[in-house]
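A.B. asks: I need the structure of the sequence given here:
(one chain, ligands or ions: 1)
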Amino acid sequence: MTPRHPALVDHIVSREQIATRVAELGAEISEVYAGRELKLTCVLKGGFIFLADLVRAITIPCAIDFMVISSYGSGTQSSGIVRILKDLDAPIEGMDVLVIEDIVDSGLTLSYLLRNLETRHPATLEVCTLLAKPARHEHDVPCRFVGFEIPNTFVVGYGLDANERFRELPDIWSVDNSKL
Ligand code: IMP
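C.D. replies: Numbering: from 1, shown residues only. Model (predicted):
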């Protein structure tokens, strides 16, 4: 496939692979939580497309809430500082909470988020991430559902951005920073 922009280097995950995997994850999640009601907690902005597709592949009742968290500055390196820019609208006490993430890199953002959500006493707290990089083991975050393990490279598309660009791409690409 020909990339739309010279900064897009390798085609990492195709739209067809994403569609197949999202359907599988939806079925798996529906089975694991059968007979219960799920609270999907989507981490914005990167998770918005994944959530939209995943929620339609889940066959049990679920409610949706959003959080905005910032762990990166404007570049492609983690700043090490995590801030909640928008919190959940409603309490999660006693609920089956599934955090929907676009990507787990070092795991810093997720480990902070999980510690924060634990203090609100959900009945269960699990994570579903579309993408996971090998570095996630640095912070040892438990991801119950993982879409794809990808190499340690910066990727964009299907909701993921580089400085707010490329979120709209249907496929996932690696990026050459020098050509951005
Ligand atoms: P972590 O704290 O290092 O795990 O980084 C997690 C957050 O950084 C994700 O939720 C993304 O917003 C962003 N991020 C990490 N890697 C990438 C990438 O390859 N492309 C786009 N965003 C990324």
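
A.B. asks: from here on, contacts and neighbour counts on C-alpha atoms
C.D. replies: Noted.

A.B. asks: Show me which residues of stretch 34-53 are buried.
C.D. replies: 38-51 (16 or more other Cα atoms under 10 Å).

A.B. asks: Looking at these, spot the one nearest the ligand.
C.D. replies: Taking Cα to the nearest ligand atom as the measure, the ligand lies nearest Gly46 of the buried residues of stretch 34-53, at 5.7 Å.

A.B. asks: ok, how many other residues are close to Leu160?
C.D. replies: By other Cα atoms under 10 Å, 26 other residues sit near Leu160.

A.B. asks: Strand partners (parallel or antiparallel) of the longest strand belonging to the chain?
C.D. replies: The longest strand of the chain (DSSP state E) is strand 62-72. Paired neighbours of strand 62-72 in the sheet (DSSP bridges): strand 38-44 (parallel), strand 78-86 (antiparallel).

A.B. asks: Can you flag the weakest of the ones you listed by average pLDDT?
C.D. replies: Ranked on mean pLDDT, the bottom entry among those is strand 78-86, at a mean of 78.

A.B. asks: ok, which residues in the chain are in contact with the ligand?
C.D. replies: For the chain, the residues in contact with the ligand under the definition Cα under 6 Å from any ligand atom are 46, 78, 102-109, 153-156, 160-161.

A.B. asks: Need the max-distance pair from the residues you listed.
C.D. replies: Maximum pairwise distance among the residues of the chain next to the ligand (Cα to Cα): 19.2 Å, between Leu108 and Val156.

A.B. asks: ranges for the helices of the chain?
C.D. replies: 15-32, 48-55, 108-118 (DSSP state H).

A.B. asks: So for the first one, what gets flagged as buried?
C.D. replies: What that stands for is helix 15-32. Taking 16+ other Cα under 10 Å as the criterion, helix 15-32 shows Ile18, Arg21, Val22, Ala23, Glu24, Leu25, Gly26, Ala27, Ile29, Ser30 as buried.
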